[in-house]
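**Q** dropping a prediction and its sequence here:
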Amino acid sequence: MAKDNRFEKVYSQSSFSGSTQILVDKETGVNYIYHSSGYGGGLSPLLDREGKPVITAVINK
């Protein structure tokens, strides 16, 4: 049974210091930023300059 992925990767960048990705929750539209370096990593909602979460419009299929 195939299962749809809830998160979509919309941005990815790698460098010597690590890897950064932006993921969008396809159900809520909330954007998350993920950064990993070595054995560590962190995930956080992506915030605008007012401190509110960045939300991408969700298109219902």
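**A** Done, it's in.
**Q** all helices for the protein, in order.
**A** Counting by DSSP state H, the chain has no helices at all.
**Q** any regions of it where pLDDT drops low?
**A** The chain contains residues with pLDDT under 70 at 1-2, 60-61.
**Q** centroid-nearest residue for it?
**A** Leu23 (2.0 Å; Cα atoms, centre = their mean).
**Q** what about that one, distance to Phe16?
**A** 22 Å (Cβ to Cβ, to the nearest Å). Quick note: C-beta positions are derived from backbone N, CA and C, even for glycine.
**Q** with Ile55 instead?
**A** Going from Ile55 to Phe16 by Cβ to Cβ gives 32 Å.
**Q** and the two? which has more neighbours close in?
**A** Between Ile55 and Phe16, counting by other Cβ atoms under 10 Å, Ile55 is the more crowded of the two (15 against 5).
**Q** what's near enough to touch the nearest residue to that one once chain neighbours are set aside?
**A** Leaving aside its sequence neighbours, Ile55 sits nearest to Gly29 (Cβ to Cβ, 6 or more residues apart in numbering; 4.5 Å). Counting by Cβ atoms under 8 Å, 6 or more residues apart in numbering, Gly29 makes contact with 55-58.
**Q** ok, back up a step: what is the residue nearest to the centre of the chain paired to in the beta sheet?
**A** Going by DSSP bridges, Leu23 is paired in beta bridges with Lys9, Tyr32.
**Q** wait, it touches Arg6, no?
**A** No. Applying Cβ atoms under 8 Å, one finds Leu23 not in contact with Arg6, separated by 9.5 Å.
**Q** quick one on the thing from earlier: just the buried ones from the contacts of Gly29?
**A** Among those, those classed as buried by 16 or more other Cβ atoms under 10 Å are Thr56.
**Q** could the contacts of Gly29 go into JSON lines alongside distance to Leu43?
**A** Formatted as JSON lines, the contacts of Gly29 follow (distance: Cβ to Cβ, whole Å):
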{"residue": "Ile55", "distance to Leu43": "17"}
{"residue": "Thr56", "distance to Leu43": "17"}
{"residue": "Ala57", "distance to Leu43": "22"}
{"residue": "Val58", "distance to Leu43": "20"}
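**Q** all set, thanks.
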